[in-house]
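Visitor: When you get a sec, could you give me coordinates for this:
(chains A and B)
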Amino acid sequence: MNRHDEIDLNAYVDGELTPDENLALLDALQQDPELAKEACQLNNLKAQVQLAYASPPGLNTCQRPRRRSAWTAVAAGLLIAAAGGAGGWLAGSPTAQQDRLVVLDPDGRGQAPAAADSEETRIVFHLTTPDQAAAAELLDDVEQMLQAYEADGKPLRVEIVSNGEGLDLLRDRLSHYKGRIHQLAERYQNLTFVACKNTIDRLKVQQGIEVNIVPDAEVIDSGVDYVVKRQQEGWIYIRG
Amino acid sequence: MRLNTTLSRLFVVILLALGLAQAGTAGERIRVVYHVNAESARHQMSALRSVRNHLRAEGDRITIRVVLQGRGVSMLVLPAALLHLNGLHQANATPQMTALVDELSDKGVQFEICANSLKRHAIDPDHDLYATGNIVIVPNGVAELARLQQRGYLYIKP
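Guide: Residues are numbered from 1 along each chain as shown, chains lettered A, B, ... in the order given. Next up, the predicted model:
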């Protein structure tokens, strides 16, 4: 990638190009997979940088009360002491090492992340790669969380946002998991699938493809902007 | 006498743990969780190198956890297990990878493996995983990523 492309690419990602320049660059992206990949990475980087500056640590409203830390410490202390006793004073014997592998995180209490009971846990998943099998694995874990929260009577909201190549999962003709998505969306009112209109428009301009989105998904303007806003609102962010 | 020694050691350990936890609440510590769900050794090595650089940059002020979820669990799967794995095509616990894992473990990085992913890919945690260092199994990798972020961990997906 030459310097000129790099400048263009940054401008493109930041939405600073004129419509004509945009078209020219889209054309270049289509010709050059390396360049397209670079654009995708820049886009993701932009999202992450925005996030890093938008939500500094410590302002996270979902943080657990501080008083837990004393109990965590006691638990950790006891756990270390127990491991020390059993394994021979932290000598790192093979038994002790084997033990560590099956010990759960001391305060990892299974499925539901700890939060005050009244507090709603809100998670936005961001899918940007065409790997639908990986997305399906993610859906398994998400479903388990939805079940666990429901069983515990804890409020949870989940949004799955797909843009770029991640959109395939929500494209009517390309999705391998239409049934699964429908079944999950029907079953859980607190789960929303979200498709990026920018990507849909780009596919139309670039490749002349009229994209149909699965009926269970909502369409929003920009996937990247959307996940950034969600994080500014205090949502937890996980990328697929 | 032996009991006495054990008790005093236990006491020291608890004090240490309390001290560490105290430092954690002082607000100066940076806590970061790295999410790895890519199957390829190349991607995983590069993620671990990022962790190493991050440690170098922040020194003692940082706590890092690495959550292996989805096919990212392949990082710690022994190559001998490849024969019976389900849907996983790479087992990346080669000497090169485990050396890096050990190095980071020794510096306090905690590795967490998703039990759902192990089950899905027919990985036996007792026999198929590289079993050393600072490694724990968590029931649900995605839930763990959410839980850590709720506790103030910053999320990085290399």
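
Visitor: and stretch A:211-225, what's its mean pLDDT?
Guide: For stretch A:211-225, the mean per-residue pLDDT is 97.

Visitor: And for stretch A:187-201?
Guide: For stretch A:187-201, mean pLDDT rounds to 97.

Visitor: what's the span of it, first residue to last?
Guide: Chord length of stretch A:187-201, first to last residue, is 30 Å (C-alpha to C-alpha, to the nearest Å).

Visitor: count of neighbours near B:Asp60?
Guide: Residues lying near B:Asp60 (other C-beta atoms under 10 Å in any protein chain shown) number 10. The C-beta positions use only the backbone N, C-alpha and C, and glycine is treated the same way.

Visitor: Can you pull out the low-pLDDT segments for chain A?
Guide: Along chain A, the parts satisfying pLDDT under 70 run over A:1-31, A:33-118.

Visitor: all helices for chain A, in order.
Guide: Shown for chain A, the helices assigned by DSSP state H span residues A:3-13, A:19-31, A:33-54, A:68-87, A:94-102, A:132-152, A:178-187, A:197-207, A:223-232.

Visitor: Can you name the residues that contact B:Arg120?
Guide: Residues in contact with B:Arg120 (C-beta atoms under 8 Å, 6 or more residues apart in numbering or on different chains) are A:137, A:140, B:86-87.

Visitor: mind checking the SS state of the most centrally placed residue in chain B?
Guide: The residue lying closest to the centre of chain B (C-alpha atoms, centre = their mean) is B:Phe111, at 0.5 Å. The local conformation at B:Phe111, judged by DSSP: H, G, I helix; E, B strand; the rest coil, is strand.

Visitor: Kindly state the beta-bridge partners for it.
Guide: Beta-bridge partners for B:Phe111, by DSSP bridges, are B:Val66, B:Ile135.

Visitor: my guess is A:Val142 contacts A:Leu156, does it?
Guide: No. Using C-beta atoms under 8 Å, A:Val142 is not in contact with A:Leu156, being 9.8 Å away.

Visitor: Please, where are all the strands along chain B?
Guide: Using DSSP state E, the strands of chain B run over B:30-36, B:62-68, B:110-114, B:135-138, B:154-156.

Visitor: For burial, what's the neighbour tally of A:Ser175?
Guide: 20.

Visitor: excluding its backbone neighbours, what's nearest it?
Guide: Of all residues not flanking A:Ser175 in the chain, A:Leu169 sits nearest, at 5.5 Å (C-beta to C-beta, 6 or more residues apart in numbering or on different chains).

Visitor: likewise A:Leu174?
Guide: Spatially, and ignoring its direct neighbours in sequence, A:Leu174 is nearest to A:Asp168 (4.5 Å; C-beta to C-beta, 6+ apart).

Visitor: And the one you found, how close does it get to B:Ala93?
Guide: Separation of A:Asp168 from B:Ala93 (C-beta to C-beta, to the nearest Å): 31 Å.
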